[in-house]
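Q: Fold the following, please.
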Amino acid sequence: MASNGAADQAIAPVVTAYELTLQPNVTPEQKNGALQYLEQFQKSDAAWNIIFEMLKHDAISGPIQMFAATSLKGKMIHDLDQLPRNALPALRDSLFELLLKYRDGPRPVRTQLTVSLAHLAIQMTEWKDVLPVVIAKFSGKGDGATTVFLEFLKVLAEELTEGRKIHLSEDELIERSSELLTGNAEQILQILNGYASSSSSAAKDSSFISCIQSWTREIPLDRIIASPVMKTIITALDSPEAFDPAVDCLIAIIRETRDVDDTLENIKALSPIVMSLRPKLSQAAAEEDMDTFKGMARLFAETGENWVVLIAREPAAFQPLVESILEVSTRDWEKEAIGYTFRFWEDLKLWLVMDKYVHARQLYEPILSQLIDNMIKHLQYPTPEDVNELDLFEGDREAEERFRNYRHDMGHVLKDSCDVLGPEKCLAKSYELIKNWVGKYGSQVSGDFIPHWQELEAPIFAMRALGQVIPPTENVMLPQLIPILVGIPNQEKIRYQAVMTLGRYTEWTAQHPETLEDQLKFIMDAFAHPSKEVVRGATHSFQYFCADCADLLKPHFLQIKQFYIGVIDSLGDNAQQDVTEGMASILAKQPLESLYDNMKMCCDPIVQKIIQMARAATDDKSKIDIADKLQLLTIFIQKVSPYIPANQPHPAVKYCEELVPVLSALVEGFIDSSPILERVCRCWRYMILSYRMSSAPLLAVLPQKLVAGFKATRQGCFLWASDSIVREFSEHAEDADPSILSAIVPFYESLAEIFLTAMTEVTGENLPDLIEDFFRLTMDVVLHHPRSAFKSTIFDPVLLAAIHALNLLKIEVLMADLHFLRDFISYGTDNPPFSTYGDSGTPPNSPETQATVKALLSKHGKQLTERVLAGMLYTFPGDCIPDASGVFLDMMRVLPQETGAWFSGTLDQMPAGAIRQQERDRLSHGIQEKLDTNDHVKIRILLQDFTTSYRRRNVAPREGLGILEPSRFVYKGA
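A: Reported below is the predicted structural model:
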């Protein structure tokens, strides 16, 4: 770098640090140190002069130029208040000099500088003649300067209209937008028209077209349509350089007409312009120009979406537009543009199904009928040149995945068409195609040879896709189609689609029992198919078949149970769960008097298999296999839950009592296996959730097992299972047993003691899931047992643990912790987070409860304020900020003056220079003012705006927080 005295000395450390980050042979410590230096540099006051010196320097490299330009943009957006207002004109002039220096590139640097100028123009409210000054600076200085001017206009409109954060008050922003956009719209149109008329390259200038697009919201649309600018946009469609911006610009103009009743005249003017472009669609298809084809497809589809109301109201006038969108699906040879049209067909369906648009429905019926034909044709798998080639996509897995996704999207289009045309006409399409295939190729089927199987598989897939919208009462086409499906050739993909299709029509089968036996046999036979995909499809269909036809299958329980026991061990894990759900659906329909015995018949073989596997389990895989088997028991418990009056023993609970010792033995035997422990706890949890008050007999031993398991393992799953007891046996539940209720809080205290000890012995960073589960449990204890919970002394250390848990960085933990804190603190008010119906007796937060919360908050509120504010400013993920500000809001409702003092004191303890005095005073005074008027909502807005602004300007430091740095949690006993 050439020597330049003092400027070089100022630049050199920044350049050195940046170059260090690019070198591959430096240590991570060196690179991190350089990055931290650069981040602090970008925030500093001194950066203003150094950045300008870097950009003025002729010898620095392109990457460093880009770093400097990007840093300047950040300073202009976030740190403009570092400069006195009387320095802004000089700043503006220096920025003009840089833009002229970089007017011919590099383009990324130029763009960053243009954004900087736009933000200066927005925030420098005393600058009233923005447009004349900018025009004067760049007029007559070459094409590069013209490009800078056009980019400035584009960015200025975008920054003001697209919701980007600008450091102006709402009133100031409204006034500035009026000055810069509305006040200049007419002059901008004149400038754009002049350029369009005078420049022979305007239609090839992408920056010009993009500039027009940015101003479409501000310039009256009728003026644009009638101006030379519109002709230039259309001409730009013939330019490869400007084609994409021209399409985007036209779409932006079309979107401004979405309120069709208010823009009808503009639509009438635009419609012939858009339709005049239809030949480009067919031309692009003929030339196999996919980029142009996709652009035109997007234009027509977006036009249809925005004018769909008029398309329904005036079908004859807009039929050519709908036909153009249909043409996309007809001509799309690569299936790359058809996706743009899917949204339109869905929107059109929503209007055509209304009775008032029956005329439009009749007129568009041939179009939708052709659309179905197109979709089914696109559904076909590709046909390889070599008939013996098994890989249909010739190794292109990305193309295969894209095809699969498109198939399901096209299935949605079929459903939309069916909603308009009706089930019979749509199913008839599949029926005719299947029938034609049978007549044309059926006689050629021989063994594994099935000619043109793609033409058979596609209509079956279409039938499967339509299953969701075909009513169970359809009695015309399905009685003809179902018998064909159960007799189709045994080709892998055809068999898979047929099996899956039957699973989509199980509700129909439930009303047509005459077809049940053949379908069930076809599905059960598929379990023996050599293709794993076919077997997987069979398990899905078996699940739905048993669920929807359970009443019909109830008499066949023993036979299906035998089938279930015979196949279950041969299936994969997910398939086992699907089949088990089907079996459980039939079991749930059995008479109550035989339910216990039948449940033993289904579950005992699984239990015996688990015991057998447990004896031989030594490695992780075998333990995971046990966990998967345990899930099958949980499925039976979830599904088999018939209603039993509260005063009668539940047969399923009787069986669960037999399971508890077996599950407890697994916990003791596999204390180090998280998968087994989690599945055992899941099973226990659903014993409570499924049978609710009827599960009371289980509480004789289950709480002790949960406490013992948690103490031995410190696994959060035991807290998750315990939570079901806390929720189901709530103080607010009717007919709750007082002896059970009185044991809930002591049960929780036992768990809390173990948790607090664990959090003392191990840092919270190593216990994130446990902490999350504990505070979710604690939140439910507070919500469901407030009268007894707040009498416990355990909440003092629990609240302290919650404060310390705010140091963690995992969002799930923070959300659970913040939610608990909000609920806990709200019990210090008259409006806790709880609602009851009717007279519930003692209010959930009695005066004693409120006093307890206020006492604990008074004790720990200062520390809580410090941690929450530090998290909001530095460490919390963005999604946590609303709840964190909610904690402050709740604190101010409970202890308003104390919280205000804690907040001001915390701001005083922030590192020097972290918050400017003016900013601090504005925030503190704003909060105090809102406290005086009890305007708590505005306090929350103030906090969130301050946090957002601060975080955008500052790098979140991990060290140097002084008194706000987290300390280690220590529990010494309640």
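Q: who touches C211 in this structure?
A: L150, E151, L153, K154, L192 (CB atoms under 8 Å, 6 or more residues apart in numbering). Yep, even glycine has a C-beta here, placed from its N, CA and C like the rest.
Q: Just the ones of the residues you listed in helices?
A: L150, E151, L153, K154, L192 (DSSP state H).
Q: Name the nearest residue to the last one, ignoring sequence neighbours.
A: Same thing as L192. The shortest distance from L192 to any non-neighbouring residue, by CB to CB, 6 or more residues apart in numbering, is to V229 (5.2 Å).
Q: name the element that neighbour belongs to?
A: helix 228-236 (DSSP states H and E).
Q: and that helix, C-alpha only, in CSV?
A: Only the C-alpha atoms of helix 228-236 are listed here, as CSV (Å, rounded to 0.1, in the frame of the first residue of the first chain):
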residue,chain,number,x,y,z
PRO,A,228,-43.1,6.1,-22.5
VAL,A,229,-41.8,4.1,-19.5
MET,A,230,-44.4,1.4,-20.1
LYS,A,231,-43.3,0.9,-23.7
THR,A,232,-39.7,0.7,-22.6
ILE,A,233,-40.6,-2.1,-20.1
ILE,A,234,-42.4,-4.1,-22.8
THR,A,235,-39.4,-3.6,-25.1
ALA,A,236,-37.0,-4.7,-22.4
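Q: Same question for it: list its buried residues.
A: Neighbour counts using 16 or more other CB atoms under 10 Å place V229, M230, T232, I233, A236 of helix 228-236 among the buried residues.
Q: I figured the fourth one hits V247, correct?
A: No: contact between I233 and V247 fails when scored by CB atoms under 8 Å: they sit 9.4 Å apart.
Q: Show me where the stretch 301-450 of the chain has its helices.
A: 308-313, 315-331, 342-352, 358-378, 397-421, 423-441 (DSSP state H, counting those that start in this stretch).
Q: buried residues in the second one?
A: Neighbour counts over helix 315-331 (16+ other CB under 10 Å) mark 315, 318, 321-331 as buried.
Q: now the angle from that helix to helix 397-421?
A: 150 degrees (axes from the mean of the first three to the mean of the last three CA atoms, to 10 degrees).
Q: what's the span of stretch 299-312 from first residue to last?
A: The first and final residues of stretch 299-312 sit 19 Å from each other (CA to CA, to the nearest Å).
Q: Quick one: mean pLDDT for that stretch?
A: Averaging the model's pLDDT scores along stretch 299-312 yields 98.
Q: what number of residues lie near L943?
A: By other CB atoms under 10 Å, the residues close to L943 number 24.
Q: Excluding sequence neighbours, find me the nearest residue to it.
A: Per CB to CB, 6+ apart, closest to L943 is S885, 4.4 Å.
Q: So for the helix or strand where the one you found lies, what gets flagged as buried?
A: Using DSSP H and E, S885 sits within helix 881-894. Within helix 881-894, the residues scored as buried using 16+ other CB under 10 Å are 881, 883-894.
Q: Which members of the residues you listed are the farthest-apart pair?
A: I881 and V894 (20.7 Å; CB to CB).
Q: wouldn't H512 be in contact with P483 here?
A: No: taking contacts as CB under 8 Å, H512 lies outside contact range of P483: 11.4 Å.
Q: Tell me where the stretch 501-650 of the chain is predicted with low confidence.
A: Applying pLDDT under 70 to the stretch 501-650 of the chain flags no residue at all.
Q: what comes up buried for stretch 611-618?
A: For stretch 611-618, by 16+ other CB under 10 Å, it's A614, A617.
Q: What is the burial count for V662?
A: The burial count for V662: 15, using other CB under 10 Å.
Q: Let me have the helices of the stretch 301-450 of the chain in CSV, adding distance to K43 as columns.
A: Shown next, in CSV, are those (distance: least, CB to CB, whole Å):
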stretch, distance to K43
helix 308-313, 49
helix 315-331, 51
helix 342-352, 44
helix 358-378, 54
helix 397-421, 43
helix 423-441, 62
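Q: of those helices, which approaches D628 most closely?
A: Nearest to D628, of the helices of the stretch 301-450 of the chain and by CB to CB, is helix 397-421 at 26.7 Å.
Q: Show residues contacting the closest one.
A: 335, 338-339, 342, 345-346, 348-349, 352-353, 361, 364-365, 368-369, 371-372, 375-376, 378-379, 381-382, 392-393, 426, 461-462, 464-466, 468-470.
Q: any idea of the mean pLDDT in that helix?
A: The model assigns helix 397-421 a mean pLDDT of 93.
Q: go on, stretch 139-147?
A: On average, the pLDDT along stretch 139-147 is 91.
Q: again, but for stretch 460-479
A: 96.
Q: Endpoint to endpoint, stretch 261-281 covers what distance?
A: Stretch 261-281 has its terminal residues 29 Å apart, counting by CA to CA.
Q: Please tell me how far that stretch is from the chain's geometric centre.
A: 36 Å (CA atoms, centre = their mean, to the nearest Å).
Q: Buried residues of it, list them for me.
A: Buried residues in stretch 261-281 (16+ other CB under 10 Å): T263, N266, I267, A269, L270, S271, V274, M275, L277, R278, K280, L281.
Q: Could you do stretch 898-912 as well?
A: E898, T899, G900, W902, F903, T906, L907, M910.
Q: Now do the SS call for the last one.
A: State at M910, reduced to three classes by DSSP: H, G, I helix; E, B strand; the rest coil: coil.
Q: Quick one, grab the pLDDT at it.
A: pLDDT at M910 comes out at 79.
Q: quick revisit: measure the residue nearest to L192 to F342 for me?
A: 32 Å (CB to CB, to the nearest Å).
Q: Repeat that for V667.
A: Going from V667 to F342 by CB to CB gives 50 Å.
Q: Same drill for the two, tell me which one is more crowded.
A: Ranked by neighbour count (other CB under 10 Å), V667 and F342 place V667 first, with 22 against 17.
Q: ok, the more buried one touching V707?
A: No: using CB under 8 Å as the test, V667 is too far from V707 to be in contact (11.8 Å).
Q: any shared contact partners between those two?
A: Going by CB under 8 Å, 6+ apart, no residue sits against V667 while also sitting against V707.
Q: residue ranges with poor pLDDT in the stretch 301-450 of the chain?
A: Within the stretch 301-450 of the chain, the stretches with pLDDT under 70 are 386-390.
Q: now the helix holding S885: mean pLDDT?
A: 91.
Q: Which strands and helices lie in contact with it?
A: Under the contact criterion of 3 or more CB pairs under 8 Å, 6 or more residues apart in numbering; DSSP states H and E, helix 881-894 touches helix 811-826, helix 847-870, helix 896-908, helix 936-953.
Q: I'd like those laid out as CSV, including distance to W215.
A: Listed next are the helices and strands packed on helix 881-894 as CSV, based on distance: least, CB to CB, whole Å:
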stretch, distance to W215
helix 811-826, 40
helix 847-870, 42
helix 896-908, 43
helix 936-953, 27
